[in-house]
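Requesting a structural model of the entry that follows:
(3 chains)
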Amino acid sequence: MAETTLDGVTKRFAGDDGEVLAVDDLSLTVRDGEFLVLVGPSGCGKSTTLRTIAGLEAVSAGAVHIGDRDVTDVKPKDRDIAMVFQSYALYPQKTVRGNMRFGLEMTTDLPDAEITERVADAAELLDITELLDRRPAALSGGQQQRVALGRAIVRDPAVFLMDEPLSNLDAKLRAEMRTELQALHDQLGATTVYVTHDQTEAMTMGDRIAVLDGGRLQQVGTPMETYYEPTNEFVATFVGSPSMNIVEGTFDGEAIQLPGFEFPLADDQREAVEAGLTGETVRLGVRPEDIVLTDETGPRTVEFETLVVEPMGNENVLHLDHEMGEVVATVGGNQRVRKGDRVRATLGADRVHAFDGTTGEALFNRTRDEQRPPGVVGARGTDDRAETDGGETG
Amino acid sequence: MSTFDGGIGSRVVGAVGSARSRLAALADRPTTENNLVGYLLVLPNVVVFSLFLLGPIAYAFVLSFQEWNLFLGTGEPAWTEVFGVRLPVANYLDTLMPLPWENDWGSIRSPSYNLWWFAVRNTVAYTAVVVPVQIVGGFLVALALDTRIRGKKVFRAAYFMPVMLSAAASGVIWRWVMAKNGVLNELLRPLGLAYPWASSPDTALAALMLIGLWGGIGFNMILYLAGLQNIPEELYEAARIDGADGWQRVRHVTWPNLRNTHFFVTVLAIIGTFQVFGIALAFAEGGPARATTTIVVLIYETAFVESSFGRAASMAFLLFAVVFVFSYYRYRIQQQQEVEY
Amino acid sequence: MPPSNYDYPGYERSGPAYWSKTALLYGGVGIGALLWSLPFWWMLLTAVSANPTGAGSSLIPAETTFANFEDLFATQPVGRWFFNTIVFAGSVTLFNLTFDSLAGYALAKVEFVGREKLFLLFVATIMVPSMVTLIPVFILLSELGWVNTYQGLIAPLIANPLGIFLLRQQFKSLPSSLGDAAKIDGCNELQTFYKVYLPLAKPALATLGIYTFVTTWKNFEWPLIIASDESMYTLPVALFAVRNQYFTEWGLVMAAATVIVLPVLVVFMSAQKYFIRGMTLSGMKG
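A predicted model of the protein is given here:
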């Protein structure tokens, strides 16, 4: 168990035409016992970052600390880490038991009995005891996944590194494993760095999320922070599904002028824009669930034409057309809207985000108004993530 | 991400940042270690390649410009005059002169003018017949065996067995098959066609071609069978929906989709037949009347019977020049296939 | 290739068209296969025929005898030739497997400076006709006094670009995440090689091993040049020599041919799969 720190980590690769900057001056602290998710689109540098923590890649600049130790030049085996690979990387020629023992045999002087015991314990924990004498080829994808986890757990490492461990599973199993991994993390309490491209996975699993793009760290924070208080347009559109709608307009000192629509600003919003805007253009962001259908008209209501309706069961996703562009809105699954319907919707005054048109930085975010729903009658422990905020934003 | 998942620690270029991190980048130990391990692992092969392939190629080149005789000693440049200029190309000139069209194409018709050109004639004739026939034959057998035919493995083994034989064995066995009282004449005698196939200068080269085909068809069959496995089933189903009958499917799906295999097989066959040696030596030792003296048989005799190493080296390089062109294409294909796998 | 799925409307498995096609297919392939096997049959027949010149043999033997084999073994050091050939083919195979798996792994999985160039250099030597290098290698081995020795027979054949190519392909096809996992589990580069990757290359090693063994076993031109003394002959050279010695005694010569051919055919029949795969992958030298 240890805090892990990346300090100005930079990684360049020699590409076909010159260098490729995979990770650019990334600084990040993973707290002791925390489950931190590195998330971003493919090519954003998240796996490379994980591999520099593992020691599978040498950093071009910067330093990596695990606990009190500077491990920048330390070999993977001496870093006190364990890793779960996307492809599981189980040794096909070894049995499950052999796979789980291998790391301990190579890196420790533990007596045979002790290794056996630790393998047995880990197998018990993961419910794979009856698979111990099989070979990986004879296991299902989900079982291989468990073995890969088991191989990491027996090492009892200070830090668990996981590189898209669930992406080769089918949707149902993936959802199950998400919960199980979280339970496992709660039980072991080990520091975990988890890489995924799937923002849903990031939101549901992470104590905190670190969003990467183009090799740069965009934001670190709790899932709710990244959702409600994105630091820039990239984070805003990457987190959440369907994505946040973005409409480009200009700021005229009072309101945001969008094509065919004027969005009036509240005082504090106007001040924030005036303080932060670097150019002319402002990009207004609003999440699909914050476009609310209404009978009333008002300064923030807009009329749209319905292009497509995607029924999802629990909700209907509407693709709406307006002069300002196509936007996506969600309504309840029992709200029947037909293709071709004209609908009126309001964009709540405190429900919108605004981003600088040139830099993409957030000018203001929507207000957070999370509340405890009725029916919560008591609490166990202190783990109530929605309320324990306090991530740093960077 | 996948962009970067491929390689372990590639070259790390000098870093910007604190002095400490700059040092870390320069002391990029995996790379140094990788270099060491890499060179260590290839060392045995580097040694044997240098000693037995690369060095000898260079030496053979030098040799081809020298008088060299196992008994008379070494190293004198083989001087001769070409248009008044003194050059060490006597070996090449001795080999190539007189040119084939002199003496009214005499050296093509008879081995007595210039044996090199006669050997070239034999080799080219052998190649011209064996290459197309063994390719078409191999393709047809592969096609036939790739159906629902029963006993596929037995048939495949029957056609492939000759490939397993040493050239010495093939040559000797066929010598007896085609002997005066061999099995071939046993079968042909009732038809009145018995003939000393192997010992007549008129038929010996044709007999040699037959031996080449005996092995070549089985070999190409295997390559085509492999090629056929790579044609996706969907293409045949699409062709069926488009109304193509059996023959049209072969013509419009099978044949064009084997383009890579055709190329590969052709180049391999050309390289192989140009260097035909073992079966020719074991079958008839280059005879009768030089009828089966191919280029490599001639090189072998020049070097290891007459001990004229310099002269033989010059012939080997002339052969190399021809084979190189085809080998180059073969290599290119192998590169392409590597990408595909 | 007609598709493997024949169970579709319109595919008739009866009627004159179907049967004539089938007859043509089996007839053609069958007659071809018989013709292909004929020389083998003729070899066997002559070897067991009572008449040493083989004259007057017919396709069905009247009586069989092992006299030719007894003669052969009595007059010729066949055992020694067998031993030579096994030592020759076995050593070349072992050296090839060892050296080429090392190099193949390095060229596929270890990043070192000049890797691609070195690989190109190795593979480019496939282009060189063997006659080019035979002469200088023979001179080199004469200088070393290695003519008519096992080391002279074996050493030059250890340089095998095809083996390097084949094993590099094999190692390349194995996921690099296994190597990463091994490093995290505490392996250094060499341990990663022999503990993790090498066991996984077994199919390719088997393919290359059988392929190399058989091609070395049947190699004619190199032993012909380097083994001029009867005691150093390998079987193909010995057959050639026997035939030159007993020119008209075909019974004896075919007995010798049988002795050479049979083991190869046995190996082939039992390991057909590996051999054909090796052949296919490598598209070997003529």
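
pLDDT wise, what is the residue in the stretch 151-300 of chain B that chain C sits nearest to at?
Closest residue of the stretch 151-300 of chain B to chain C, CB to the nearest CB: residue B:272 (2.7 Å). For glycine as for every other residue, the C-beta is placed from the backbone atoms N, C-alpha and C. Residue B:272 is assigned a predicted lDDT (pLDDT) of 86.

got it, and residue B:233?
You'll see residue B:233 listed with a pLDDT of 83.

And for the one 4 residues further on?
At residue B:237, the predicted lDDT confidence score is 82.

Provide the count of other residues in contact range of it.
With neighbours defined by other CB atoms under 10 Å in any protein chain shown, the count for residue B:237 comes to 13.

Which neighbouring residues are in contact with the closest residue to chain A within the stretch 51-200 of chain B, exactly?
Nearest residue of the stretch 51-200 of chain B to chain A: residue B:153, at 26.4 Å (CB to the nearest CB). Residue B:153 makes contact with residue C:272 under the criterion CB atoms under 8 Å, 6 or more residues apart in numbering or on different chains.

From residue B:319, how far out is it?
38 Å (CB to CB, to the nearest Å).

for residue C:32, same thing?
33 Å.

So between these two, which is more surrounded?
Between residue C:32 and residue B:319, counted using other CB under 10 Å, the more crowded position is residue B:319 (22 against 18).

and chain C, which residues reach chain A?
C:175, C:177-178, C:180-187, C:191, C:196, C:199-200 (CB under 8 Å from any CB of the partner chain).

buried stuff in the host helix or strand of residue A:100?
Per DSSP states H and E: residue A:100 is located in helix A:96-107. Buried positions in helix A:96-107, judged by neighbour count with 16 or more other CB atoms under 10 Å in any protein chain shown: A:96, A:97, A:98, A:99, A:100, A:101, A:102, A:103, A:104, A:106, A:107.

do stretch C:18-30 as well
For stretch C:18-30, by 16+ other CB under 10 Å, it's C:25, C:29.

now swap in stretch A:351-363 and tell me
Neighbour-count burial for stretch A:351-363 [16+ other CB under 10 Å]: A:351, A:352, A:353, A:354, A:355, A:356, A:357, A:360, A:362, A:363.

Likewise for stretch A:269-277?
A:269, A:270, A:272, A:273, A:276, A:277.

what does stretch A:80-97 give?
A:80-91, A:93-97.

In helices only, show me those.
If you go by DSSP state H, those have A:96, A:97 in helices.

related to what we said a few turns ago, other SSEs contacting whichever helix or strand the residue of the stretch 151-300 of chain B closest to chain C is part of?
According to DSSP H and E, residue B:272 maps onto helix B:259-274. Helices and strands touching helix B:259-274, as assessed by 3 or more CB pairs under 8 Å, 6 or more residues apart in numbering or on different chains; DSSP states H and E, comprise helix B:115-145, helix B:204-229, helix B:309-340.

Quick one: mean pLDDT over the shortest one.
This points to helix B:204-229. On average, helix B:204-229 scores 90.

now do the first one
Computed over helix B:115-145, the mean pLDDT rounds to 91.

Between helix B:259-274 and it, find me the angle.
Interaxial angle of helix B:115-145 relative to helix B:259-274 (axes from the mean of the first three to the mean of the last three CA atoms, to 10 degrees): 140 degrees.

If you count neighbours, what's buried in helix B:115-145?
B:115-124, B:126-127, B:129-131, B:133-135, B:137-145.

So which of the residues you listed reach chain C?
B:141, B:143, B:144, B:145.

for residue 196, what are its contacts?
Just going to use chain A. A:37, A:38, A:39, A:46, A:164, A:166, A:167, A:202.

Hmm, no, I was thinking of chain C.
Neighbours of residue C:196 in contact, by CB under 8 Å, 6+ apart: A:91, C:178, C:179, C:181, C:182, C:187.

quick one: which of the buried residues of stretch A:351-363 sit in strands?
Here DSSP state E is the test, and the buried residues of stretch A:351-363 give A:352, A:353, A:354, A:355, A:356, A:362, A:363 as lying in strands.

Isn't the fifth one up against residue A:276?
Looking back up the chat, that one is residue A:356. Yes. Here residue A:356 reaches residue A:276: they are 6.3 Å apart, a contact under CB atoms under 8 Å.

okay, and the common contacts of those two?
What both residue A:356 and residue A:276 touch, as defined by CB under 8 Å, 6+ apart, is the set residue A:363.

The closest residue to residue A:182 other than its chain neighbours: neighbouring residues, count only.
Once flanking residues are discounted, residue A:182 sits nearest to residue A:205: 5.9 Å by CB to CB, 6 or more residues apart in numbering or on different chains. The tally of other residues near residue A:205 (other CB under 10 Å) stands at 25.

Over to residue C:77?
14.

How about residue C:241?
Around residue C:241 there are 17 residues (other CB under 10 Å).

which element is it on?
helix C:235-245.

Ok, residue A:32 next?
With DSSP H and E as criterion, residue A:32 is part of no helix or strand.

For the residue lying closest to it once chain neighbours are set aside, what are phi and psi?
The shortest distance from residue A:32 to any residue other than its chain neighbours is 4.7 Å, reached at residue A:3 (CB to CB, 6+ apart). Main-chain torsions, residue A:3, degrees, to the nearest 10: phi -70, psi 140.

now residue A:3: how far from residue A:273?
38 Å.

Show me which positions of the helix or strand hosting residue B:62 end up buried.
Element membership for residue B:62, per DSSP H and E: helix B:55-63. When burial is assessed from 16+ other CB under 10 Å, helix B:55-63 yields the following buried residues: B:56, B:57, B:59, B:60, B:61, B:63.

Go through the ones next to chain C among the buried residues of helix B:115-145 and name the one nearest residue C:244.
Proximity of these to residue C:244, judged by CB to CB, is greatest for residue B:141, which lies at 34.5 Å.

Wait, that closest one touches residue B:159, no?
Yes. Residue B:141 lies in contact with residue B:159 (CB under 8 Å); the separation is 5.7 Å.

which neighbours do these two share?
In contact with both residue B:141 and residue B:159: B:217, B:218, B:221, C:32, using CB under 8 Å, 6+ apart.

Redo those as a markdown table? Include distance to residue B:236.
Listed next are those as a markdown table, based on distance: CB to CB, whole Å:
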| residue | distance to residue B:236 |
| --- | --- |
| B:217 | 25 |
| B:218 | 26 |
| B:221 | 20 |
| C:32 | 25 |
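
Quick check: which ranges of the chain have low pLDDT?
In the absence of a named chain, chain A is used. A:1, A:15-17, A:381-394 (pLDDT under 70).

that answer is for a different chain, and I need it for chain C
C:1-13, C:52-62, C:278-286.
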